[in-house]
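> Provided below are the primary sequence and the corresponding predicted coordinates.
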Amino acid sequence: MNAPLLSTKFYIPALRAEWVSRRRLLERLDEGRRLGRGLTLVAAPAGYGKTSLIATWARQGDWPAAWLSLDENDDDPIRFWTYAIAALQTVRPDVGETTLAMIRAMPPSPIDAALTALINELAEDPAPVVLVLDDYQVIRTPAIHDGVAFLIEYPPPQMHLVLSTRIDPPLNVARLRVNRRMTEVRAGDLRFTPDEAARFLNDVSGLGLSSDDIAALEIRTEGWIAGLQVAAMAMQGRDDVPGFIDAFSGSHRHILSYLIEEVFLRQPAHVQDFLLRTSILNRLSGSLCDAVRRSLDASRGAPQEPAAAGPGSGQEILEELEASNLFVVPLDEAGRWYRYHHLFADALRARLQRDASGDEIQALHRAASDWHERRGHIDEAVGHAFRIEDYERVGGLIERHAGPMIGRSELTTLLRWLGALPDGVVRTSATLSMIYAWALLASSQIDAVEPRLRDVEHALGIVADRVADPAELPPDLRGALGELLCVRANLAFHGGDLSRVLALSQRAAGCLDDRMGTSVFHSPAVLRSVIAFNTALAHEYSGDLDQASDMFERTISLSISVENPHLVMISFSHLATIQQVQGRL
């Protein structure tokens, strides 16, 4: 039931040979940790070297560092804490399993309770650990910020948290600053000093600039590292360096322009083509790059199969780009995964939008989506489909993968995807509407469930309350009716109508037939376990504890057979409560 985790998200970026040592900043990070401040906040726009600084500190420090590179798919409380705990387990394999079980339960435990378990586990072991959350600006869900704030408020003394972000997180930064519980590194701190700029331009880039030229560039870029890096690349081989410096602007818009004019257009034609086609990707691998390249050839009516390895293959070109320091960042030690520097990716995507047709861009995203789905990367598959507004594909991906997501309690992500689809696409699909209803029910948004069930009825052409004899319906509609009645029985329980729970559950059970396969979303076997659970709850709350015990035991048996650990755990809990009341200690 657990989705595979992307191991590249736990990789501490490698240190490049051309990195300029920034001892003053490394000492500040050391000081904050040494003084027992629980948080280090590194906040600055793109291109200021946040990740490089923290990676240097993490690799050179004497505390083991757990690293997590965040992306927009992590903006889900279950996903976020699953990855955060997995990152911690790279250096503390013994922690987090209790917390994971609590947040994956249905419904999940309150995050404060789950994180209390994690904090206690970390506090029991004297071994220190640094947890780095890189690109924290992609997190927008308040529940995640609340959990991070709780971790900051009650930190185990052996753990130090580092947040790298482009914008200030919605945490109480002012109070942490006043109470001296936080170390801050801002854009002004990250700017290259004149001495650092001189070392980068002359010692690292080998330009041999005069002090006046260095001072002029430092002023024009305001010490912005990305600006200096682009300027250094543009000056290689130029005769009129002073003239270039006079004309150079360090603004974001001009940097993007220079990335195209001085970096992209200087590449051989096949590399330019590769860069444009793969610019749509957040992560790059040889196989993935080859897949999107083939798709564009096919869309142009000229299929050309790039080699799986060797000259011209995606893997070879990625290795060449890394060796040339062409704004490619490795994401693992084995050289299998990379990404483009964010600014370079922005420039390439703008160029792709200008040069490629809409059909060609759609072909690229569709191929990337297919590749990711085949490998179980559903977040990326859905993301690429959304970017080209291929709502039919998004709907299909949700239909195929919603079951495991509900099982993992990844409800925030599922509801976000469904909410992002045009309402008409969801409402005209019985399956998507039913998935929506189940996800809303599982997330305790009870009042929003019934409208989605009416959408299911409308899409199927039936009204559950008007069906006198389910046996008169075709098998598929009979199964759909059973699922509708099953959900409504749960709604009746939330409304306190226990007699209606029992009546609806009995009707639902009579609609199910294993020979018909699935109903709308769930299989008859899964629905029987839910029906048994609803019936057990109704008996328990009406005081019929013997009947309730029998039905909870039946629920456990059915739930084990369909591999539903949530219902197993909840049913055991209710059964234990009943036995306590009965004195069966």
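Sure thing, it's come through.
> use CA for all of it now, contacts and neighbours both
Will do.
> Restricting to C-alpha, output whichever strand or helix holds T116 in PDB.
Assigned by DSSP states H and E, T116 belongs to helix 111-124. Taking Å, rounded to 0.1, in the frame of the first residue of the first chain, the C-alpha atoms of helix 111-124 are listed here in PDB:
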ATOM      1  CA  ILE A 111      -0.400  16.000  13.900                       C
ATOM      2  CA  ASP A 112       0.700  17.300  17.300                       C
ATOM      3  CA  ALA A 113       0.200  13.800  18.800                       C
ATOM      4  CA  ALA A 114       2.000  12.100  15.900                       C
ATOM      5  CA  LEU A 115       4.900  14.600  16.100                       C
ATOM      6  CA  THR A 116       5.100  14.200  19.900                       C
ATOM      7  CA  ALA A 117       5.900  10.500  19.300                       C
ATOM      8  CA  LEU A 118       8.600  11.500  16.800                       C
ATOM      9  CA  ILE A 119      10.100  14.100  19.200                       C
ATOM     10  CA  ASN A 120      10.200  11.600  22.000                       C
ATOM     11  CA  GLU A 121      11.900   9.000  19.900                       C
ATOM     12  CA  LEU A 122      14.500  11.500  18.800                       C
ATOM     13  CA  ALA A 123      15.100  12.700  22.400                       C
ATOM     14  CA  GLU A 124      15.700   9.100  23.600                       C
END
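> And that helix, what's buried?
For helix 111-124, burial by neighbour count (16 or more other C-alpha atoms under 10 Å) applies to 111, 114-119, 121-123.
> Repeat that for stretch 48-60.
Of the residues in stretch 48-60, 48-58 count as buried by neighbour count, 16+ other C-alpha under 10 Å.
> In TSV, list these along with distance to Y541.
TSV is the format used below for those (distance: C-alpha to C-alpha, whole Å):
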residue	distance to Y541
Y48	60
G49	59
K50	56
T51	55
S52	58
L53	58
I54	55
A55	56
T56	59
W57	57
A58	54
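> Show me which of those is closest to L473.
For the buried residues of stretch 48-60, the closest approach to L473 (C-alpha to C-alpha) belongs to T51, at 60.8 Å.
> Phi, psi for that closest one please.
In this entry, T51 is assigned phi and psi values of phi -60, psi -40 (degrees, to the nearest 10).
> measure it to A44 for me?
11 Å (C-alpha to C-alpha, to the nearest Å).
> Give the rounded mean pLDDT of the next helix or strand after the helix holding T116.
Counting by DSSP H and E, the next helix or strand C-terminal to helix 111-124 is strand 129-134. Average pLDDT, strand 129-134: 96.
> If you count contacts, what does the helix or strand that comes right after strand 129-134 end up packed against?
As assigned by DSSP H and E, the chain's next helix or strand after strand 129-134 is helix 142-153. The contact analysis (3 or more C-alpha pairs under 8 Å, 6 or more residues apart in numbering; DSSP states H and E) places helix 142-153 against helix 77-89, helix 111-124.
> Alpha carbons only: can I get whichever helix or strand comes after the shortest one in PDB?
Using DSSP H and E, the helix or strand that directly follows helix 77-89 along the chain is helix 97-104. Coordinates of the C-alpha atoms in helix 97-104 are reproduced here as PDB (Å, rounded to 0.1, in the frame of the first residue of the first chain):
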ATOM      1  CA  GLU A  97       7.600   4.200  12.500                       C
ATOM      2  CA  THR A  98       5.100   5.000  15.200                       C
ATOM      3  CA  THR A  99       4.500   8.500  13.800                       C
ATOM      4  CA  LEU A 100       4.000   7.100  10.300                       C
ATOM      5  CA  ALA A 101       1.400   4.700  11.600                       C
ATOM      6  CA  MET A 102      -0.400   7.500  13.300                       C
ATOM      7  CA  ILE A 103      -0.500   9.900  10.400                       C
ATOM      8  CA  ARG A 104      -1.500   7.100   7.900                       C
END
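> Name the residues that touch helix 97-104?
Helix 97-104 has contacts (C-alpha atoms under 8 Å, 6 or more residues apart in numbering) with 78, 81-82, 85, 108-111, 114-115, 117-118, 408-409.
> Report the inter-axis angle for it versus helix 111-124.
170 degrees (axes from the mean of the first three to the mean of the last three C-alpha atoms, to 10 degrees).
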